[in-house]
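1. Just need the structure, nothing else, for what follows:
(one chain, ligands or ions: 2)
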Amino acid sequence: MRKAYLVSAIAAVLLSGGAMAKDVNLAKFHSDMGDCQSCHVEGKLKDINKTITDSQTHENAQCRDCHGGYSELANDKLHFDPHTSHLGEINCTSCHTAHAKPELTCNNCHNFEMEMPFANSKAKKKWDGDWNQEQIRKAIERGPVETVDVIVVGGGSAGFNAAISAKEAGANVVLFEKAPYTGGNSMLAAGGINAVGTPQQKKKGIEDKVKWYAEDAMKGGRYQNDPKLVQILAEESAEAVAWLESLGANMDDLKRSGGARVERTHRPSGGASVGPHIIDTLRKAADKRDIPVRVNSRVEKIVLNDDKSIAGVVVHGRHSGYNMVAADSVVLATGGYGMNKQMVAYYRPTMKDMTSSNNVTATGDGVLLAKEIGASMTDIDWVQAHPTIGKDSRILISETVRGVGAIMVNTDGQRFISELTTRDRASDAILKQKDQYAWLVFDEQLVKKKKMVRGYEHLGMLSKANTIEELAKITNMKDLPKTAAAYNKYQAAGKDEAFGREDMPLNLSKPPYYAVKVAPGIHHTMGGVAVDTDANVLNLQSWKMDGLYAAGEVTGGLHGYNRLGGNAIADTVVFGRKAGENAAKFALEKK
Ligand code: FAD
Ligand code: MEZ
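-> Ligands and ions are numbered 1, 2, ... in the order given. Coordinates of the predicted model:
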């Protein structure tokens, strides 16, 4: 009955010429249909903030009750579905806020300024901000409102892996996520997860060794990585993939990433992006295990007891305000600082004006939280530029596009480096070209192998032509036909005489042909909180900080000065699990 009412109400608005957006907000629109109880818990509206959970659980259930879940709403006519491509099944209220003007999450990253009814399409949300020290102090003074064994801060891959592992180890866990949706940078991960010795590698007849994985990571990191962390990553990488599969993920496709000597980057079959798939799997696994995942809940302080052991955190909830939650263990999984302009300007001033591929949530909160209580930092000033971010955008053109076969050329259409070199070298080489940007060029064979390329096409990022000559003409790359012919010759002979590219899976022969403009931008912050091999955070004297663990991009040491593609997701799973297990063990032993 509610659905029928909804359809007629929407039809009425549409028939009235779509005038709803001007002076009516979403809440008003709904109250015209019924009353406040259509969205909120009945009878307690006097103090509304006390009746709404920070995750807006009841309100979101109400949205779904009338409108259906996202799968029911998905619109076949959409060229490109952001929920399928990266957001997944998130809260409706992530974007559709009711009383305040909605600020579209999409517009924080994309420059097409998407429209939405009732929204202020141009508004950009700000994620780093002032933390109210007075409110934090008062929350600590009031004492904890809740006690658990383990608090996980951050709902990306590291956080979910930690929370699920802690729960499986018998702990009572809660996960806090500051954004209205979980996923962080993890849900944007495109290329894959590196692992050595998997059944997938064996099936394809790929010889690989833990030693080679570790050597490649060390070489890529300019030998500044912590070798003990690298060894663990390599040794436990296959188990990490098996664990994701045991939770329901598909990791059946394999390809090669820059700096790796063999194909060891795993991703879903068909070449879909790895991050959204992993996040979807982890969200479901957490839900199945009844792990409370509280969105709109930013942790703003780690609270210590007088003896410096962990007392808990102060969390700032969107509706509940500032509250202390007690726990013996805290896992920091807050991601990197690639979207914090101030931190980039301070630690890596030469990169301060660069675009970033990162999610708006990557504001370095974990570094600030940990530093404040005396944690040590490792390689904090090392920031990675990814060579192929769509020019004038924040959209990453995945390294796998080169891995699968694309060539990279300058604005004259000439190759200038092996496409499979490490990111720092590729970025430097692009910045040395006269226009400081490059093109990736590929053909229909590649599009067939890589689903994600369709997304770039829908975003209007690709130039397309039926012949290489035509593509050269529309992009002004005068030497492209010559370059393509030479490359096809090297590919047929299996030897790249120009730049020694080690793997050339495709030639350029099947129309249509495509080109996308790319330039380097901030992609990964290698440095962060110092940890040991148990994911235990270290203090300035390099002693373990009891009860404090960290995993994922918030940490430093594993990747040295330059991370290899595919090693970050591996890091979040291997060390996320370790952090969760050890946090649970510590808390349970303390009981
Ligand atoms: P995130 O996934 O960023 O999660 C951190 C979470 O913590 C966020 O949701 C954030 O909102 C939350 N948070 C932050 N502060 C607080 C706070 N104070 N309170 C509560 N919550 C907080 N790596 C690979 O290995 N393979 C790839 O293919 C790949 N592709 C990538 C593509 C893109 C476009 C990007 C940007 C990165 C890619 N990476 C890839 C890197 C990789 O995705 C990240 O390094 C990794 O996902 C980080 O995971 P994380 O869990 O540490 O942090
Ligand atoms: O590890 C990464 O960051 C990665 C593989 C990114 C990409 O280009 O797809």
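2. In the stretch 301-450 of the chain, what residue comes closest to ligand 1?
-> Gly335 (2.6 Å; Cβ to the nearest ligand atom). C-betas here are computed from N, CA, C, even on glycine.
3. ok so that residue is a strand residue?
-> No - going by DSSP: H, G, I helix; E, B strand; the rest coil, the assignment for Gly335 is coil, not a strand.
4. Just the pLDDT at it, thanks.
-> In this prediction, Gly335 carries a pLDDT score of 98.
5. what's the answer for Phe176, then?
-> The model's pLDDT for Phe176 equals 98.
6. in the sheet, who's paired with it?
-> For Phe176, the beta-bridge partners are Val153, Arg294 (DSSP bridges).
7. Could you report the separation of it from ligand 1?
-> 5 Å (Cβ to the nearest ligand atom, to the nearest Å).
8. what does Ala234 give?
-> Taking Cβ to the nearest ligand atom, one finds Ala234 at 14 Å from ligand 1.
9. Identify the residues contacting that residue.
-> Listed by Cβ atoms under 8 Å, 6 or more residues apart in numbering, the contact set of Ala234 reads 196, 210-211, 213-214, 217.
10. same question, Ala535
-> 331, 549-551, 555, 575, 578-579, 582.
11. Just give me the neighbour total for the closest residue in space to it that isn't next to it in sequence.
-> Of all residues not flanking Ala535 in the chain, Ala579 sits nearest, at 3.8 Å (Cβ to Cβ, 6 or more residues apart in numbering). Counted with other Cβ atoms under 10 Å, the neighbours of Ala579 add up to 36.
12. So for the helix or strand encompassing Ala579, mean pLDDT?
-> Ala579 is part of helix 567-590, with elements assigned from DSSP states H and E. For helix 567-590, mean pLDDT rounds to 98.
13. residues in this protein within reach of ligand 2, list them.
-> 190-191, 257, 396, 398-400, 565-566, 568 (Cβ under 6 Å from any ligand atom).
14. What is the neighbour count of the nearest residue to Asp216 once chain neighbours are set aside?
-> Leaving out its chain neighbours, the residue that sits closest to Asp216 by Cβ to Cβ, 6+ apart is Ala260, at 5.3 Å. The number of residues packed near Ala260 is 27, by other Cβ under 10 Å.
15. gap between Ala260 and ligand 1?
-> Ala260 sits 11 Å away from ligand 1, going by Cβ to the nearest ligand atom.
16. Wasn't that residue part of a helix?
-> No - under three-state DSSP, Ala260 falls outside any helix and is assigned coil.
17. please renumber so the chain begins at 10
-> Will do, 10 is the new start, and the previous item becomes Ala269.
18. correct me, but it touches Ala579?
-> No - using Cβ atoms under 8 Å, Ala269 is not in contact with Ala579; the gap is 11.6 Å.
19. Need the residues touching each of these two.
-> With Cβ under 8 Å, 6+ apart, Ala269 and Ala579 have common neighbours Asn203.
20. Buried residues in stretch 243-253, which are they?
-> Within stretch 243-253, the residues scored as buried using 16 or more other Cβ atoms under 10 Å are 243, 245-250, 252-253.
21. how about TSV for these, with secondary structure added?
-> Listed next are these as TSV, based on three-state DSSP:
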residue	secondary structure
Ala243	helix
Glu245	helix
Ser246	helix
Ala247	helix
Glu248	helix
Ala249	helix
Val250	helix
Trp252	helix
Leu253	helix
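22. between those residues, which is closest to Cys72?
-> The nearest member of the buried residues of stretch 243-253 to Cys72, counting by Cβ to Cβ, is Leu253 at 30.0 Å.
23. ok, now which ones touch Asp158?
-> Contact analysis of Asp158 by Cβ under 8 Å, 6+ apart lists 175, 180-182, 336-338, 593, 596-597, 600.
24. Out of those, who's the most crowded?
-> Ala175 (33 neighbours).
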